[in-house]
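>>> Just the structure for this:
(chains A, B and C)
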Amino acid sequence: MTSAPIQLEMHPDRLFSSDKTVVAIARELYEEIKDLPIVSPHGHTDPRWFSENQNFQNATDLLIKPDHYVFRMLYSQGIPLEALAIPQRGLQGDRSQDNAVDPLEVWQIFAKHYYLFAGTPSGYWLDSTFANVFGFKEKLCEANAADYYHEINRQLQSPAFAPRALMDKFNIEVIATTEGALDELKQHQKLTGTDFEKRVITTFRPDDVVDASREDFVANVQQLGDITGCDTSNWQGYLQAIQARRQYFIEHGRATATDHGHPTALTADLSLSECEALFQKCVSGEATAAQQELFRGQMLTELAGMSIKDGLVMQIHPGAHRDHNKRIFDIYGRDKGADIPSQTEYVKALKPLLSKYGNNMDLRIILFTLDETTYSRELAPLAGHYPTLKLGPAWWFHDSPAGMLRFRQQVTETAGFYNTVGFNDDTRAFLSIPARHDVARRVDCRYLAELVANHQITLADAKALAYQLTYGLVTKAYNFK
Amino acid sequence: MTSAPIQLEMHPDRLFSSDKTVVAIARELYEEIKDLPIVSPHGHTDPRWFSENQNFQNATDLLIKPDHYVFRMLYSQGIPLEALAIPQRGLQGDRSQDNAVDPLEVWQIFAKHYYLFAGTPSGYWLDSTFANVFGFKEKLCEANAADYYHEINRQLQSPAFAPRALMDKFNIEVIATTEGALDELKQHQKLTGTDFEKRVITTFRPDDVVDASREDFVANVQQLGDITGCDTSNWQGYLQAIQARRQYFIEHGRATATDHGHPTALTADLSLSECEALFQKCVSGEATAAQQELFRGQMLTELAGMSIKDGLVMQIHPGAHRDHNKRIFDIYGRDKGADIPSQTEYVKALKPLLSKYGNNMDLRIILFTLDETTYSRELAPLAGHYPTLKLGPAWWFHDSPAGMLRFRQQVTETAGFYNTVGFNDDTRAFLSIPARHDVARRVDCRYLAELVANHQITLADAKALAYQLTYGLVTKAYNFK
Amino acid sequence: MTSAPIQLEMHPDRLFSSDKTVVAIARELYEEIKDLPIVSPHGHTDPRWFSENQNFQNATDLLIKPDHYVFRMLYSQGIPLEALAIPQRGLQGDRSQDNAVDPLEVWQIFAKHYYLFAGTPSGYWLDSTFANVFGFKEKLCEANAADYYHEINRQLQSPAFAPRALMDKFNIEVIATTEGALDELKQHQKLTGTDFEKRVITTFRPDDVVDASREDFVANVQQLGDITGCDTSNWQGYLQAIQARRQYFIEHGRATATDHGHPTALTADLSLSECEALFQKCVSGEATAAQQELFRGQMLTELAGMSIKDGLVMQIHPGAHRDHNKRIFDIYGRDKGADIPSQTEYVKALKPLLSKYGNNMDLRIILFTLDETTYSRELAPLAGHYPTLKLGPAWWFHDSPAGMLRFRQQVTETAGFYNTVGFNDDTRAFLSIPARHDVARRVDCRYLAELVANHQITLADAKALAYQLTYGLVTKAYNFK
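Numbering: from 1, shown residues only, chains lettered A, B, ... in the order given. Predicted structure coming up:
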């Protein structure tokens, strides 16, 4: 908690283990893959950044306010979100609110408490960003906070920091954003015809028209009908409308994948008449929580059927208890660091979908989890059998050095490497993308190096696998080539 | 994925960790126990192999078709089971089906995809078998597939590869097969009077007459009556019949243990009249799924009571969701790589049985799990208290280098070493048995070496423990001496 | 299992890892903090020891009979509790029972089976106690059992082994005992005015008047009324009585914290009329198990409200299935090594309490668990967000070298270090306290050293953190300064 600046150094062997035997092998593997392009098939960057290519404004707006990893830690230690100028619900875009707290003040609070991030991935990503993107030589602390802030802001104004220039600097070959089913994809359409057309693509995330527990669900389904010209007051018309939007996302946003953020992994396979009745319950706003859950489950199966037809890869991200903190949700809304993982079951939950489509070689489903206990018990055994299933990387709270290592250690022996799909950064923190992918590459090299040092695979195997884990598998899994 | 052959070398220090301090100690421990006889108290080899002592036919039939670890991985990567000539349900023994696909072709598909097994225990066991049993110097790949196939087949014909000769070569002191309650034990009876009488024994697995959810349950119970001369239409006669079969297995198959593969660990302790009513429901074929589950639970308690009388050690293997893939089950039947672990609860589930018999020093129950979360939370605390309970080794999907290490790391501190029972290979892949036991020995030596290097136990302790984990505990736990 | 005495040596680098790079850094960190005072904010030592300052009597009564870690292991290996002279229920204090078995005989049984503790924390604590407290040079075994016993007894009689002298020798700055809500705190009052007044404090544990499933609950609530003069026949009077007892514990026992040992982490937030009705059910002795559970949950929320007013820190210790072994409970009563952890859910369970008070900066709740799966999935994400929540250290079965390491590895990346609260020994084994704290210090230094060696934090960070984990955080979390 001292405020005296200390050196900020990103050691070349960082994350390669403490074991010198492993470090030497990991270094050799890392040399082979460190300069491969970044492929980012799932994330939440704003497509406007790339379509408009405007420079970012200031360090606080870019690095603190949108990053719930950062402000949840500060909040956990008693710093009110008000003091961090986190925008309140309904007041987004209200400039007066923005001005209520000086962004430099927010930055100074952050710097004063930067010691809290020791040993966390946020701390690692931020240090990497400060050192590698902005060239700082001193670690952020209370004493140098203002200098840091002004220097970041100064650099952000330069042409080299325009979003498209950063895409090149970061060596990002392709990045996928995520849009709701009703999105017009205006930003993606603006990119058509530019050099970035194939580098910035969308992902179809229909939760807004599938999750009947949302307060805006009924209105969304109506709007879905208006946009598509389908009659979304009945089940068949609703399904046709969703299919139409998928096609729209493929044509206008170059989507290759869908994404589904459900509370559980439940799937269902109801009869047509059951589906029709359940749908009517949901669009009438009268569905119980259990019916809403069943409807989400039925829709996963319907969406899998659509994927078989149009080739979109399905990503399922279950298990977050969203907006656990009622007060924070009431005042600030969604995505404010109050989502908490919960226990997630896959074996029974996925059975209806898998009984229907699990052997269909035209379907690819990428499963994620926030419940690490399922790695060795459920996910690896499922993905090591069903040809439709692949495993997404360690996700969200587990997207960290130790978390990634646990993923490999608990998944590989049963699923092998080839039923995994490389790394996802899943972030809205654009500047952290190189650091996040670098962590994944380093941890994968470490894991492979341990297998080599333990004489379980050869160095040649490890080199081939390092390439696959960094570039080959993701490119194939998301149909990028 | 290159097809150029590379060297196949089993490093003498494999699996001993990357840490040189640990390697040196592990090597010293391993030297002490590596030549101890193999004791294999639980597995699924075919007793006919040993009674008839016929040589095996070809590499595909021996190493691929019966090994669901192998073909589940191939299937997960899109290779149809048809292409691997996996026999279809109802067509077993239909030679025309066998001839539909040339076994060399199957072998070539396997070889082409052998890279998929990198980092998996199957890959490790197969490499070990190829190197140590057949003497190959090159790793299997597409280019050498045919040579491999013919060379294996050539060796399989030699007298040194007859099953009994392999028993000697592998230094297997005793191996237990597993038979259903209705089995006549013809193969075991053939062994009576030979040198292998005490080396090949059976295990009593009564699931076929205990699990009322099986389609053949009612017929099985009737057959149980026919065989034993007991009236299995009533509860008491049914229990007597089971006791009679246990005695038969002891006398004609030298059984020392029973085995129970239930979906859960549920036990029950119902009144006599409840038992009678529940039994009638089950044998009438009218039991609900919940009643079938309760009946299995009651039977575990009944079987524990019988064990106290006849001394058979109970093995409980709960937690597999069997035949998860409906299409595969419909076409190919059981044991086709589609069994998936599921979350398993022990603390409440075992309470009825333990309340009745948990303090009885004449009873020994060996618990297994497919749910690693129970190691430190439930199983080690239970086995560290109840004198009846011991813990079986890391099982099935977790019978792997990292899986075994997690078992020791999560069990030892609460249960100690002496509440565990050594290693089980639980395999039908006969040729992999030496490799599987060798993995267990190496991983145990590594674990012990880490404790020594960390100054938690002495080298002398570690040597004594290495002997116990390899030979002493298993021999005692299964009453082999 | 040999009885030949071997050297007992506590290696200076023990528990620092096998990796020499890590060992060197851990040693440097440990040097900095090894002599810091012991702060023991939660445990079960007997306050009478400190108030009366009588010397302990003999090795068996001090080290075996009260330590359920020790006798549960012996029992698991078939040694009857009778042979260990564990006092039977209702016979506590019956001297004839004590004399039934010679304590030397018990000690000899223990010594003969001391090999069972290899690799367990009990073994480690005992070795440490024998070497560091009593100065033994040989490891305990059958051959030296009697010598050990007499030598311990001899030393126990010396003034240096009086409890207060041991407090000084062990460098215990403060130790908290735990008393039920009805306790008069006579021993703590005797300490008032002595040098130990602030060093031996109490903790308010109201389970006896909150848990309506206890056979003595109704009587306890009545006694609560008698003691406080409140009318505990109604809900408001009952709450006032509890508040009065809290105040009493603060004034007469210098309590800074409360403790709650519930079967689950359930909380509730019922209306006033629901509370009144539920309370009446409970005090009438007619509540169902579900109502008793709901009442405990409602009381956690009520107690949190009281903590906001009086400043007592709340400790929640959920998840033990108490007294699992019916026979042992019937004969010997509580705390006889038959408590088993069970799966514990926090995210939904804590929501009612957190919705009401989770953002209140005047409340501090320290959460513990016996279910390690919740570390990364539930507890770290909760504590990394809610300002009221902190995480207690690895608890009970997990208070061990590997258990503590898993805690840090699974908690730190999401919660950081500053949402944890240092170490608790939670023990009734007074002589083991230095060893237990030393294990925590060594394991924390090892964990920090790994982060340094892996270039995730600097050595300067690690030194600051080592101080926090040993002394800073606990002192702050429990309001000791």
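>>> so what's A:Glu138 up against?
A:5-8, A:144 (C-beta atoms under 8 Å, 6 or more residues apart in numbering or on different chains). In short, each C-beta sits where N, CA and C put it, glycine included.
>>> residue contacts, A:Lys463?
Contacts of A:Lys463 (C-beta under 8 Å, 6+ apart): A:29, A:32.
>>> can you confirm it is in a helix?
Yes: counting by DSSP: H, G, I helix; E, B strand; the rest coil, A:Lys463 is found in a helix.
>>> Tell me, what's the model's pLDDT at it?
pLDDT recorded at A:Lys463 is 98.
>>> how far away is it from chain C?
As judged by C-beta to the nearest C-beta, to the nearest Å, A:Lys463 and chain C stand 22 Å apart.
>>> Can you give me the distance of that residue to chain B?
Distance from A:Lys463 to chain B, by C-beta to the nearest C-beta: 11 Å.
>>> what about the closest residue in space to A:Met10 that isn't next to it in sequence, which SS state?
Closest residue to A:Met10 apart from its sequence neighbours, by C-beta to C-beta, 6 or more residues apart in numbering or on different chains: A:Ala131 at 4.9 Å. Under three-state DSSP, A:Ala131 falls in the helix class.
>>> so A:Ala131 touches A:Leu8, yeah?
Yes: using C-beta atoms under 8 Å, A:Ala131 makes contact with A:Leu8 at a distance of 5.3 Å.
>>> Need the residues touching each of the two.
Joint contacts of A:Ala131 and A:Leu8 (C-beta under 8 Å, 6+ apart) are A:Lys137.
>>> Next, count neighbours for A:Ser342.
Neighbour count of A:Ser342, defined by other C-beta atoms under 10 Å in any protein chain shown: 21.
>>> quick one: it and C:Ala349, what's the gap?
11 Å (C-beta to C-beta, to the nearest Å).
>>> what's the answer for A:Leu270, then?
32 Å.
>>> of the two, who's got more company?
C:Ala349 (21 against 17).
>>> Give me the contacts around stretch A:291-306.
A:206, A:210-213, A:239, A:242-243, A:246, A:258, A:260, A:262-264, A:266-270, A:275, A:278-279, A:281-282, A:287, A:312, A:314, A:316, A:349, A:352-353, A:356-357, A:363, A:365.
>>> Take the residues you listed and keep only those in strands.
Within the contacts of stretch A:291-306, residues falling in strands by DSSP state E are A:258, A:260, A:314, A:316, A:365.
>>> so where's chain A uncertain?
A:1-4, A:91-99 (pLDDT under 70).
>>> Where does it get nearest to chain C, residue-wise?
A:Ser18 (3.3 Å; C-beta to the nearest C-beta).
>>> Quick check: phi and psi on that residue?
phi -90, psi -10 (degrees, to the nearest 10).
>>> and the nearest residue to A:Pro66 once chain neighbours are set aside, helix, strand or coil?
Distances taken as C-beta to C-beta, 6+ apart put A:Arg428 closest to A:Pro66, at 5.4 Å, once the chain neighbours are dropped. The three-state label given to A:Arg428 by three-state DSSP is coil.
>>> residues near A:Val221, how many?
23.
>>> And for A:Leu459?
Considering only other C-beta under 10 Å, A:Leu459 is surrounded by 14 other residues.
>>> tell me which parts of the stretch 251-400 of chain A are close to chain C?
A:321, A:324-328, A:337-338, A:340-343, A:370-373, A:397-398, A:400 (C-beta under 8 Å from any C-beta of the partner chain).
>>> can we see that at 7 Å?
Applying C-beta under 7 Å from any C-beta of the partner chain, one finds that the stretch 251-400 of chain A approaches chain C through A:321, A:324-327, A:337-338, A:340-343, A:370-373, A:397-398, A:400.
>>> so where do the strands sit in the stretch 101-250 of chain A?
A:172-176, A:179-180, A:200-201, A:204-205 (DSSP state E, counting those that start in this stretch).
>>> Please identify the most buried of the ones you listed.
strand A:204-205 (a mean of 27; mean count of other C-beta atoms under 10 Å in any protein chain shown).
>>> Find the centremost residue of chain A, please.
A:Asp426 (1.7 Å; C-alpha atoms, centre = their mean).
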